[in-house]
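[1] Sequence first, then the predicted structure, then my questions.
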Amino acid sequence: MQSLAPSYWLTRFLILRLLGVVYAIAFLAAINQLIPLIGANGLLPVGDFLRRISDSIGSTSGFFHLPSLFWLDHSDTSLLIVAWLGLLLSLLVIAGFANAIIMALCWFLYMSIVNVGQEWYGYGWEIQLLETGFLAIFLCPLRDWRPFPATPPPKLVIILFQWLICRIMLGAGLIKLRGDEVWRNATALYYHFETQPIPGPLSRWFHFLPHGALKAGIYYNWLAELLAPFFVFWPRKGRPIAGIIIIGLQIILILSGNLSFLNWLTIVPALACFDDDCWSKLLPRRLVQKAASAEANSEPSRAMTITAWSVTILIGLLSIQPVLNMLSPQQIMNTSFDPLNLVNTYGAFGSVGEQRYNIVFEGTATDTTDNAGWKSYPYKALPVALDKRPPQVAPYQPRLDWQMWFAAMSTPDEYPWTVRLIVKLLQNDPGALSLFAANPFPDKPPRYIRAVLYHYSFARPGNPTHQYWTRERLAIWLPPLSADDPRLRSITGG
């Protein structure tokens with residue numbers, strides 16, 4: 001497929017399909033976790049959250065500040081309906097059926113979840129998905145949902161995707177450059193693979209690579225985050241090289257850890273670095289021929305052109321504040337500057353911890369807490385058992401595990417819902433238990449539960465005990481609590 005001007009039929013096809021995959025995984029996680037996290041009986045009930053906002057600024061202002069369908073109804077049934085509807089629409093997109101209406105529904109349904117998800121949805125990739133999803137609305141026609149519709153993808157929207165990947169990568173690079181000294185002296189990867197939120201099956205292998213290889217990884221990171229972004233707008237020979245470098249970094253990150261769907265999502269706008277001439281050399285001939293046929297019979301849409309110009313002007317204006325933030329010595333990362341999360345600022349791992357701390361919930365069935373037979377509640381992904389290899393969970397995100405990684409670097413006062421979680425574990429609450437990999441007390445709730453802070457380190461491969469981890473107990477993070485403890489009355493209603 002050769003043309004004087006670059007065409008993006010195959011690029012649009014791939015962007016929408018991969019975005020559909022990310023949406024599907026995000027909605028699937030919501031189906032499985034929304035009820036125990038923010039349901040009526042969840043750890044941070046959405047009703048209480050909306051009530052606080054309404055009491056503070058009013059429900060109408062609250063809706064415009066945090067647009068969400070759940071202002072209308074926030075029952076557990078509504079939470080599941082929104083999540084299931086989002087998943088079904090995402091599957092349509094994956095199957096090749098996407099138009100502006102479907103993409104707008106996916107975007108608003110997910111925004112409805114993010115805006116009431118509280119700290120469970122306070123991650124940079126949530127607003128990144130919303131910004132990416134908003135642009136995707138204008139990549140396809142209003143009603144025609146065929147894989148290759150009659151109207152070409154607007155070039156301006158492709159440029160907006162390029163602008164998005166440029167800001168994502170530059171933001172991540174600059175926050176590291178200004179942040180932790182370990183990035184500037186190229187030692188960050190000595191620690192990152194061990195101390196990252198959720199290690200993966202290959203994380204230990206990466207951790208024990210020679211220091212020279214780990215330093216080379218830092219230099220490649222600088223190449224991808226500080227140099228390649230400037231080439232995404234270059235002529236056709238420069239853009240694919242930048243895209244390959246950026247996507248290469250994302251693949252390394254996918255292999256080396258469990259960073260939710262962040263890296264998969266970051267690949268989506270990076271695909272805009274490649275036009276159809278590039279894809280025609282890689283994709284099946286039948287797909288390339290379909291795109292060529294659609295291009296030959298295409299009809300430019302005046303409405304899509306006007307809309308693309310309008311969106312481009314809007315994004316340009318909304319980009320001013322994020323760009324000023326990115327250039328500022330006081331740069332902040334993963335922040336939205338408008339209620340709809342249309343243009344945001346991004347960044348990741350501005351600082352890298354040199355020690356890994358884990359909080360482990362432990363229970364006992366005995367009536368005493370002295371030298372009791374404590375049993376651990378295994379997380380779905382965070383390390384607990386020393387002989388268990390870290391699982392591959394990404395692009396799926398176990399949200400309790402992520403919050404417990406943050407909590408391990410803080411105090412219980414900053415994470416009061418952890419006490420509510422203990423209350424639920426003392427009751428063998430099915431919702432709370434669904435957030436863990438297993439229940440060590442299947443027949444009868446434990447008498448006491450505590451939270452213990454440990455220091456975890458990777459065990460060297462080939463060690464005699466075949467362990468993946470070693471650990472050292474540091475402190476009691478939350479003391480042993482029982483269901484009749486007076487300190488829990490305010491939570492249990494007793």
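    On my side now, so go ahead. Residues are numbered from 1 along each chain as shown.

[2] tally of neighbours for the closest residue in space to F63 that isn't next to it in sequence?
    Of all residues not flanking F63 in the chain, W71 sits nearest, at 4.9 Å (C-beta to C-beta, 6 or more residues apart in numbering). Bear in mind the C-beta positions are built from the backbone N, C-alpha and C, glycine included. Counted with other C-beta atoms under 10 Å, residues neighbouring W71 total 18.

[3] same question, the one 5 residues further on
    Neighbours of D76 under the rule other C-beta under 10 Å: 17.

[4] Then R302?
    8.

[5] next one: D275
    By the criterion of other C-beta under 10 Å, D275 has 21 neighbours.

[6] now do S61
    Neighbour tally, S61, other C-beta under 10 Å: 12.

[7] what's it sitting at in phi/psi?
    Phi and psi for S61, reported as degrees, to the nearest 10, are phi -60, psi -30.

[8] any idea how far the residue nearest to F63 is from V46?
    10 Å (C-beta to C-beta, to the nearest Å).

[9] that older thread, mind pulling up the pLDDT for the residue nearest to F63?
    The score at W71 is 96. That number is its pLDDT.

[10] and if you look at K237?
    Per-residue confidence at K237 stands at 82 (pLDDT).

[11] got the end-to-end distance for stretch 33-50?
    From its first residue to its last, stretch 33-50 covers 19 Å (C-alpha to C-alpha, to the nearest Å).

[12] Report the buried residues of it.
    33-39, 42-46, 49-50 (16 or more other C-beta atoms under 10 Å).

[13] What about those residues, which are in helices?
    Judged by DSSP state H, the subset of those located in helices is Q33, L34, I35, P36, L37, I38, V46, F49, L50.

[14] Let me have those residues in CSV, adding pLDDT and distance to I102 as columns.
    As requested, these are arranged in CSV below (pLDDT from 0 to 100; distance: C-beta to C-beta, whole Å):
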residue, pLDDT, distance to I102
Q33, 98, 24
L34, 98, 22
I35, 98, 26
P36, 98, 29
L37, 98, 27
I38, 98, 26
V46, 97, 26
F49, 97, 29
L50, 97, 27
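
[15] any idea which element L130 lies in?
    Taking DSSP states H and E as the definition, L130 sits inside helix 124-137.

[16] Could you tell me how far that helix lies from the centre of the chain?
    Relative to its parent chain, helix 124-137 has a centroid offset of 11 Å by C-alpha atoms, centre = their mean, to the nearest Å.

[17] Show me which of the buried residues of stretch 33-50 is closest to L453.
    L43 (19.8 Å; C-beta to C-beta).

[18] how many other residues sit next to the spatially closest residue to that closest one that is not a sequence neighbour?
    Spatial nearest neighbour of L43, excluding adjacent residues (C-beta to C-beta, 6+ apart): W417 at 4.5 Å. By other C-beta under 10 Å, the residues close to W417 number 19.

[19] With L327 instead?
    Other residues close to L327 by other C-beta under 10 Å number 10.

[20] which residues touch it?
    Listed by C-beta atoms under 8 Å, 6 or more residues apart in numbering, the contact set of L327 is empty.

[21] what's the answer for L43, then?
    Under the criterion of C-beta under 8 Å, 6+ apart, the neighbours of L43 are P36, L37, W417, R420, L421, K424, A432.

[22] For the residues you listed, give me CSV that also has distance to Y8.
    Shown next, in CSV, are those (distance: C-beta to C-beta, whole Å):
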residue, distance to Y8
P36, 42
L37, 39
W417, 45
R420, 49
L421, 47
K424, 50
A432, 47
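
[23] Please enumerate the helices of the stretch 101-250 of the chain.
    With helices called from DSSP state H, counting those that start in this stretch, the stretch 101-250 of the chain shows them at 124-137, 155-178, 181-184, 192-195, 203-207, 211-222, 238-256.

[24] Geometric centre of this protein: which residue is closest?
    Geometric centre of the chain, nearest residue: W125, 4.1 Å, by C-alpha atoms, centre = their mean.

[25] can you pull the pLDDT of P486?
    pLDDT, read off for P486, is 81.

[26] how far away is it from W417?
    Here P486 is placed at a distance of 20 Å from W417 (C-beta to C-beta).

[27] Give me the domain ranges for this structure.
    9-345, 356-492 (automatic domain parsing).

[28] Identify, from the contacts of L43, the entry nearest to L340.
    The shortest approach to L340 among the contacts of L43 belongs to L37, at 23.3 Å (C-beta to C-beta).

[29] Would you confirm that that closest one contacts Y121?
    No - using C-beta atoms under 8 Å as the test, L37 is too far from Y121 to be in contact (9.1 Å).

[30] which residues are in contact with both of the two?
    By C-beta under 8 Å, 6+ apart, the residues touching both L37 and Y121 are R399.

[31] What number of residues are in the vicinity of the closest residue to L135 other than its chain neighbours?
    Nearest residue to L135, sequence neighbours excluded (C-beta to C-beta, 6+ apart): L160, at 5.3 Å. L160 has 25 neighbouring residues, counting by other C-beta under 10 Å.

[32] which residues sit in contact with L160?
    L135, V311, T312, I315.

[33] Tabulate these in CSV, adding columns for secondary structure, neighbour count and pLDDT.
    As requested, the contacts of L160 are exported to CSV (DSSP: H, G, I helix; E, B strand; the rest coil; neighbours: other C-beta atoms under 10 Å; pLDDT from 0 to 100):
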residue, secondary structure, neighbour count, pLDDT
L135, helix, 24, 98
V311, helix, 19, 97
T312, helix, 17, 97
I315, helix, 21, 97
